[in-house]
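S.K.: Structure of the sequence below:
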Amino acid sequence: MLSTMQDVPLTVTRILLHGTLVHGRSQITTWTGRGEPQRRSFAEAGTRAVRLANALRDDLGIREDDRIATLMWNNCEHVEAYLAVPAMGAVLHTLNLRLPAEQLTWIIEHAADRVIIVNGSLVPLLAPLLPHLKTVEHVVVAGPGDRTPLDGARVRVHDYEELISGKPDTYDWPELDERRAAALCYTSGTTGDPKGVVYSHRSIYLHSMQVNMAQSMGLTDQDTSLVVVPQFHVNAWGLPHATFMTGVGMLMPDRFLQPAPLAEMIERERPTHAAAVPTIWQGLLGELTARPRDVSSLTQVTIGGSACPPSLMEAFDRLGMRVCHAWGMTETSPLGTVARPPAYAAGPDEEFAYRLTQGRFPAGVEARLTGPGGERLPWDGESAGELEVRGPWIAGAYYNGPDAEPLRPADKFSEDGWLKTGDVGTISPDGYLTLTDRAKDVIKSGGEWISSVDLENALMSHPDVTEAAVVAVPDDKWGERPLATVVLKEGATADFETLRAFLAGEGRIAKWQLPERWTVVTAVPKTSVGKFDKKVLRRQYAAGELDVTSL
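M.R.: Numbering: from 1, shown residues only. Okay, the predicted model is just below:
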């Protein structure tokens, strides 16, 4: 028996049209670093997206399935590309501007991008790559910046505003299959070549609905979200599409991601929500501690990308900013879990314990834990294994180039199609995920596992420690032991013996897990998306580049 419901495809086009018509008065505010920010209503941004689609089709010859790359900060023009490119049937490919030049070149060639839309301030980054990019035919420059590095380039160069000026305000949008490609994002390539994840119109639409649910970010058109998480990083956690769907205002920081301008944005523009990785919030906390601001509007903060140290969560609680943990990855669009405590949490201590988890799985994400021998582990909050997930916005394969079949490596996907996340953790009986480590980062000492995350969180709760990263290093007796790498605050007096005693105190860390090897660095190396880059620390240790003290 078939239903009597209409079969309407779930597409980005419908998000574009809905946001333009129903939430036309909502605003996208882009910080300029000088004077008044740029302000555009959703109606204006939607109209400009229509003009962009017309220009791409009529002037640049873009057709369905062509890849359009963006090398851009978070700003209104980037949002316009987010909407226009998928709606016309092409594929939006966001480029991670923090990747090394050779990786960017490889990614652009692998995706066979025909057009790159670039912010003027990033032209010096793009120009040296162009001689090596065989598929790129056009470069479209948006916003201010020195464009002379593009002089003499073999590609055609266009100004964004001139390109869309005078174009029609209507477009005959194609009725697309909701399973067609809408956007393409590559993993950061921490091991081997970066891997491409292709999001469908359907996955983006469903993911946007989940982002907007009350048990998720729960934002409405009365909110404004400070979107710090980059648009090149998993579609800015889905926020541009989700906010356009519900009329949530967007405050876009452009290239002004330092703590001082972020604090000024919050004070002046009064956002109610913000999303970023923990390193951003560590910097902002330092800025607000040194130079207090009125940030009372910002009552909800979403933190993902890596675990939020409890000390950081407590510090923002004292400022009136309630931190909500989330977990995800490029392959999960990225929303996988959100840590909103359940109604039955008894008192503030139990509620805080739930907030420290990575969160609860929504209805669209199925999860299971797999032990070292492939056995399925129970959801008992104690059995630790590798997390595997599946669902309508979870990748089932990687993009393998324009003329190749999708790639499903055995170390990334199970035989029955589940994504192997590479994260190790436990799941409580009521569906809350607690990650104890990455499979590649867990410390295997004498046949037992030591969680680098637990050690890092404990270290960062010490008042003299700004950052801490712990990695496994070879040990003749135990196989592996932890190396503690710490960044001390200015004027700190704690030495390694003091920090080790602090870890042992109040039952924080078991004695056998305490690090013997310690080093101080000026900053923990970061990946292109702001996570601790532990492979760099392991390499530095192996090369003897770290000044290590053994206790």
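
S.K.: Could you pull up phi and psi at Tyr541?
M.R.: phi -60, psi -50 (degrees, to the nearest 10).

S.K.: what's the neighbour count on it?
M.R.: By the criterion of other Cβ atoms under 10 Å, Tyr541 has 19 neighbours. Glycine gets a C-beta too; all of them are placed from N, C-alpha and C.

S.K.: same thing with the one 10 residues further on?
M.R.: Applying other Cβ under 10 Å, we find 13 other residues in the vicinity of Leu551.

S.K.: Same check on Gln222?
M.R.: If we define neighbours as other Cβ under 10 Å, then Gln222 has 9 of them.

S.K.: From His201, how far out is it?
M.R.: The gap separating Gln222 from His201 is 28 Å, by Cβ to Cβ, to the nearest Å.

S.K.: Likewise for Tyr398?
M.R.: Tyr398 sits 19 Å away from His201, going by Cβ to Cβ.

S.K.: Settle it for me: which of the two has more neighbours?
M.R.: The neighbour comparison of Tyr398 against His201 (other Cβ under 10 Å) goes to His201, with 25 against 19.

S.K.: so what's the more buried one up against?
M.R.: Pro9, Leu10, Thr11, Val12, Thr13, Pro86, Leu176, Asp177, Glu178, Arg179, Arg180, Ala182 (Cβ atoms under 8 Å, 6 or more residues apart in numbering).

S.K.: so the fourth one sits right up against Ala182, yeah?
M.R.: Yes. Applying Cβ atoms under 8 Å, one finds Val12 in contact with Ala182, separated by 5.4 Å.

S.K.: what is in contact with the two at once?
M.R.: Counting by Cβ under 8 Å, 6+ apart, the residues touching both Val12 and Ala182 are Pro86, His201, Ile204.

S.K.: What sits closest to the second one if chain neighbours are left out?
M.R.: If you skip the residues right next to it in sequence, His201 has Thr11 as its closest partner in space, 4.1 Å away by Cβ to Cβ, 6 or more residues apart in numbering.

S.K.: Report the contact partners of the one you found.
M.R.: Residues near Thr11 by Cβ under 8 Å, 6+ apart: Pro86, Ala87, Leu176, Glu178, Ala182, His201, Arg202, Tyr205.

S.K.: where does the chain have low pLDDT?
M.R.: Scanning the chain for pLDDT under 70 picks out 189-192, 447-448.

S.K.: Kindly format the C-alpha coordinates of the longest helix along it as PDB.
M.R.: For the chain, the helix with the greatest residue count under DSSP state H is helix 42-58. In PDB, the C-alpha atoms belonging to helix 42-58 read as follows (Å, rounded to 0.1, in the frame of the first residue of the first chain):
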ATOM      1  CA  PHE A  42      17.800  37.200   3.800                       C
ATOM      2  CA  ALA A  43      15.700  38.600   1.000                       C
ATOM      3  CA  GLU A  44      18.700  40.600  -0.400                       C
ATOM      4  CA  ALA A  45      21.000  37.600   0.000                       C
ATOM      5  CA  GLY A  46      18.500  35.300  -1.700                       C
ATOM      6  CA  THR A  47      18.100  37.700  -4.600                       C
ATOM      7  CA  ARG A  48      21.900  38.000  -5.000                       C
ATOM      8  CA  ALA A  49      22.100  34.200  -4.900                       C
ATOM      9  CA  VAL A  50      19.700  34.100  -7.900                       C
ATOM     10  CA  ARG A  51      21.900  36.600  -9.700                       C
ATOM     11  CA  LEU A  52      25.000  34.600  -9.000                       C
ATOM     12  CA  ALA A  53      23.300  31.400 -10.400                       C
ATOM     13  CA  ASN A  54      22.400  33.400 -13.600                       C
ATOM     14  CA  ALA A  55      26.000  34.600 -13.900                       C
ATOM     15  CA  LEU A  56      27.500  31.200 -13.400                       C
ATOM     16  CA  ARG A  57      25.300  29.700 -16.000                       C
ATOM     17  CA  ASP A  58      25.200  32.400 -18.600                       C
END
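
S.K.: Give the next helix or strand downstream of that helix.
M.R.: Using DSSP states H and E, the helix or strand that follows helix 42-58 towards the C-terminus is strand 67-71.

S.K.: Need the residue closest to the centroid of the chain.
M.R.: His233 (4.5 Å; Cα atoms, centre = their mean).

S.K.: That one and Asn96 touch, don't they?
M.R.: Yes. Counting by Cβ under 8 Å, His233 does reach Asn96; the two are 6.9 Å apart.

S.K.: Which neighbours do those two have in common?
M.R.: Contacts common to His233 and Asn96, judged by Cβ under 8 Å, 6+ apart, are Val529.

S.K.: still on that earlier bit, for the shared contacts of Val12 and Ala182, which one is nearest Val453?
M.R.: Nearest to Val453, judged by Cβ to Cβ, of the shared contacts of Val12 and Ala182 is Ile204 at 30.4 Å.

S.K.: need the contact list for the closest one.
M.R.: Contacts of Ile204 (Cβ under 8 Å, 6+ apart): Val12, Ile15, Pro86, Ala182, Ala183, Asn235, Gly238, His241, Ser333, Trp393.

S.K.: can you check Lys531 too?
M.R.: Shown in contact with Lys531 (Cβ under 8 Å, 6+ apart): Val277, Thr279, Gly305, Ser306.

S.K.: Distance of the nearest residue to Pro409 once chain neighbours are set aside relative to Cys185?
M.R.: Ranked by Cβ to Cβ, 6+ apart and with sequence neighbours excluded, the top spatial neighbour of Pro409 is Tyr398, at 7.4 Å. Going from Tyr398 to Cys185 by Cβ to Cβ gives 11 Å.
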